[in-house]
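>>> got a predicted model here, sequence first, then my questions.
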Amino acid sequence: MVRYSLLRMAALACLWAATAPALAQEACSRADALGTSRVMEVNPKGGLKLGLKSYPQTLALEKGEVVLTFDDGPLPATTGPILKALDDECVKATFFLVGRNAQANPVFVQREIARGHTVGHHTFSHPFITMRGLSEAEARADMERGFSADDRAAYKDDGAAPRTPFFRYPGFAHTPELNAWLASRNIAIFGADLWASDWVDMSPQQTMELLLMRLDHAGKGIILLHDTRPQTAKMLPALLRELKMRGYKVVHIVPARGDAPTALTKAESGWTSETEANIAKVWPKILAEKRRAAKQGAGAAHPPGG
């Protein structure tokens with residue numbers, strides 16, 4: 001049994017090494033570009049949970065370091081301009097894909113990988129009622145379908161495990177049972193440290209100003225954005241330039257090639273989950289929408305958050 005486990009771990013390490021973006025950063029043609037300062041390996045073993053909005057620990061970033069993450073894509077009208085903005089500044093990011101969008105737009109998934117970005121997973125359908133509104137079996141099925149759709153879009157095939165073992169819950173609404181299931185499959189669970197709140201209708205300038213205010217207060221962190229939001233696509237070039245002007249540096253996360261533990265920072269004393277506080281506020285509305293949709297046989301929009 002021990003020998004089998006060691007062989008399985010070695011095989012997974014080889015798989016991650018083969019599919020993760022190269023650790024060496026490409027030379028940037030623009031001397032004044034923001035660029036990507038370093039690559040950080042994240043070991044998903046045991047279902048590592050990250051992001052101070054949801055969990056009492058996060059990546060051990062230095063002051064002034066940020067990780068850019070985008071949820072819900074790809075959508076051509078917005079993901080395309082976002083990829084161009086990242087290219088123009090030689091910045092690498094992480095995209096958490098909605099499986100049905102990946103299935104519909106595989107060219108953009110392949111473009112993300114070809115340009116060196118990391119591709120993670122965000123369920124197949126991103127249900128408005130989140131995973132908490134589904135039975136455990138329904139939630140697992142939607143997540144599995146998302147893993148498969150993303151990998152088929154990216155690599156034209158899929159396997160028993162997602163090629164990149166990074167996952168983010170819609171609305172950050174995890175459950176203990178699903179966390180345990182992901183942990184058993186060595187899939188890392190990502191929350192975030194900072195929200196842009198770009199699911200709220202604001203101008204690009206307002207979105208940028210709100211995010212920068214929060215970032216200047218926190219000083220660092222994993223940032224949640226959405227590559228399906230027009231305001232985000234429009235404000236991203238200015239945001240990246242402003243990050244450069246303010247001295248921030250971008251860290252690119254990739255699956256670990258070995259078994260070394262991920263460097264983490266623990267939450268400060270008195271930490272509480274902002275995610276749970278928000279869910280408590282919006283959950284009655286979600287349940288009401290669930291009942292309405294069930295009566296009408298209609299779908300609903302995405303919940304706020306991831």
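Good, I have the coordinates.
>>> mind checking the pLDDT average for stretch 125-137?
Here stretch 125-137 scores 94 as its mean pLDDT.
>>> buried residues, it. List them.
125, 126, 127, 128, 129, 130, 131, 132, 133, 134 (16 or more other C-beta atoms under 10 Å). The way it works is simple: take the backbone N, C-alpha and C, and place the C-beta from them, glycine included.
>>> what do you get for stretch 29-39?
For stretch 29-39, a neighbour-count test (16+ other C-beta under 10 Å) marks 33, 34, 35, 36, 37, 39 as buried.
>>> do the same with stretch 241-249
So, applying 16+ other C-beta under 10 Å, buried residues of stretch 241-249: 241, 242, 243, 244, 248, 249.
>>> check what contacts that stretch and list those residues.
Residues from elsewhere that reach stretch 241-249 (C-beta atoms under 8 Å, 6 or more residues apart in numbering): 32-34, 37-38, 62, 64-66, 89, 208, 212, 215-216, 250.
>>> endpoint to endpoint, it covers what distance?
End-to-end span of stretch 241-249 (C-alpha to C-alpha, to the nearest Å): 11 Å.
>>> go through the buried residues of stretch 241-249 and flag which are in strands.
If you go by DSSP state E, the buried residues of stretch 241-249 have residue 249 in strands.
>>> ok, of the buried residues of stretch 241-249, which one's closest to residue 54?
Closest approach to residue 54 among the buried residues of stretch 241-249 (C-beta to C-beta): residue 248, at 22.8 Å.
>>> before we move on, the earlier item: farthest pair in the contacts of stretch 241-249?
The most distant members of the contacts of stretch 241-249, if one measures by C-beta to C-beta, are 38 and 208, lying 24.3 Å apart.
>>> so among the contacts of stretch 241-249, where is pLDDT lowest?
Among the contacts of stretch 241-249, residue 32 has the weakest pLDDT, 92.
>>> would that residue count as being in a strand?
No - read with DSSP: H, G, I helix; E, B strand; the rest coil, residue 32 is coil and lies in no strand.
>>> tell me how far it lies from residue 239.
The gap separating residue 32 from residue 239 is 16 Å, by C-beta to C-beta, to the nearest Å.
>>> re earlier: in JSON lines, list the buried residues of stretch 125-137 along with secondary structure and distance to residue 272.
JSON lines is the format used below for the buried residues of stretch 125-137 (DSSP: H, G, I helix; E, B strand; the rest coil; distance: C-beta to C-beta, whole Å):
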{"residue": "125", "secondary structure": "coil", "distance to residue 272": "30"}
{"residue": "126", "secondary structure": "coil", "distance to residue 272": "26"}
{"residue": "127", "secondary structure": "coil", "distance to residue 272": "26"}
{"residue": "128", "secondary structure": "coil", "distance to residue 272": "25"}
{"residue": "129", "secondary structure": "coil", "distance to residue 272": "24"}
{"residue": "130", "secondary structure": "coil", "distance to residue 272": "20"}
{"residue": "131", "secondary structure": "helix", "distance to residue 272": "21"}
{"residue": "132", "secondary structure": "helix", "distance to residue 272": "19"}
{"residue": "133", "secondary structure": "helix", "distance to residue 272": "23"}
{"residue": "134", "secondary structure": "coil", "distance to residue 272": "26"}
